[in-house]
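Asks: model the following, please.
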Amino acid sequence: MRPIPLPGLGGPGAPPAGGEWPDGWRLTRFPGAGGAAAGLVVRERGRPGYFTDHASRFLAAHLAVPPGAVVAEPGCGTAALSVLAARLGAGRVFATDVDATALAFARATVEANGPLPVTVLEGDLLDPLPAAERLDLVVALLPHKPAPVAFSVRYYGGEDGTDLVRRVIEQASHRLGPRGVLLLYHHSIANLPRVRATAQAAGFSIETLASRKRYFTEREFDGYAPGGMAHLERLRREGAAEFHRDACGLYFVARVLRLERRP
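Replies: The predicted structure is shown next:
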């Protein structure tokens, strides 16, 4: 299906070599999605800061969707993961976001890959879903970078990075059916002990499906907010952040966590 232009953002045109359309359209491949090495390809509408990235691809490689499942993607961005869930057999998918720009990108992405059973809703995390809707799977890649002050709706996760992560765990505990799963991307600078405690208190078992190093620089975190790196160092001293240094530089650990509701 031809990508759909968005008002005020221009039309997609033909994709050049490299797979990206002018004006914010691109083809994004998700290796490993659906269990195939080549993965799946999504036509995605966005811009830097909204397009899916290495974290989305890492999470997608571990996305397993039961046939006919009811799925939610809170903080959906372009809704590319919602498109993947629908293609992998979901019966219904709800994609939510509070960012008007993200919602426009999400609706265009869904339409460009359709027809698909994906509904895009404006609102906070799982709040806008129909009250009686029982979920089988929640897929969450939420802003969870810690910083001393708020700096970006797309990245900031609170003082220790866990504000949205803990809230979606608590919400999912009320919306998932027995044996329902929350698939969560998490990095080790966002207070993993607090996240684990929240999951356990909400009635989830927690399993690490995959982990890998994600390198960063002091300049990167000072660029997010003044004193960002000093804040990260303080969190580490307090046991609320984990990061290390090897021959290649500073890194934290990115993980795909599988939380399952205990019966």
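Asks: going by C-alpha atoms from here, please, whenever you check contacts or count neighbours.
Replies: Fine.
Asks: at which residues are the helices of this structure located?
Replies: 54-60, 80-87, 100-112, 163-175, 192-201, 218-224, 228-237 (DSSP state H).
Asks: what about the stretch 151-263 of the chain, any weak spots by pLDDT?
Replies: Scanning the stretch 151-263 of the chain for pLDDT under 70 picks out nothing.
Asks: pLDDT score assigned to the residue lying closest to Tyr50 once chain neighbours are set aside?
Replies: Excluding its sequence neighbours, the residue lying closest to Tyr50 (Cα to Cα, 6 or more residues apart in numbering) is Gly77, at 5.9 Å. For Gly77, the pLDDT comes out at 95.
Asks: from now on call the first residue 342
Replies: New numbering, starting at 342: the last item is Gly418.
Asks: state the distance from Gly418 to Leu576.
Replies: 28 Å (Cα to Cα, to the nearest Å).
Asks: with distance to Leu525 and mean neighbour count added, can I get the helices of the chain in a markdown table?
Replies: Below are the helices of the chain laid out as a markdown table (distance: least, Cα to Cα, whole Å; neighbours: other Cα atoms under 10 Å):
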| stretch | distance to Leu525 | mean neighbour count |
| --- | --- | --- |
| helix 395-401 | 8 | 19 |
| helix 421-428 | 12 | 26 |
| helix 441-453 | 20 | 21 |
| helix 504-516 | 8 | 20 |
| helix 533-542 | 11 | 16 |
| helix 559-565 | 22 | 15 |
| helix 569-578 | 22 | 18 |
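Asks: the residue nearest to Tyr391: how many residues sit nearby?
Replies: Neighbour count of Gly418, defined by other Cα atoms under 10 Å: 30.
Asks: correct me, but it touches Pro389?
Replies: No: at 11.3 Å, Gly418 does not count as touching Pro389 under the criterion of Cα atoms under 8 Å.
Asks: which ones are touching Ser529?
Replies: Counting by Cα atoms under 8 Å, 6 or more residues apart in numbering, Ser529 touches Ala582, Glu583, Phe584, Phe593, Val594, Ala595, Arg596.
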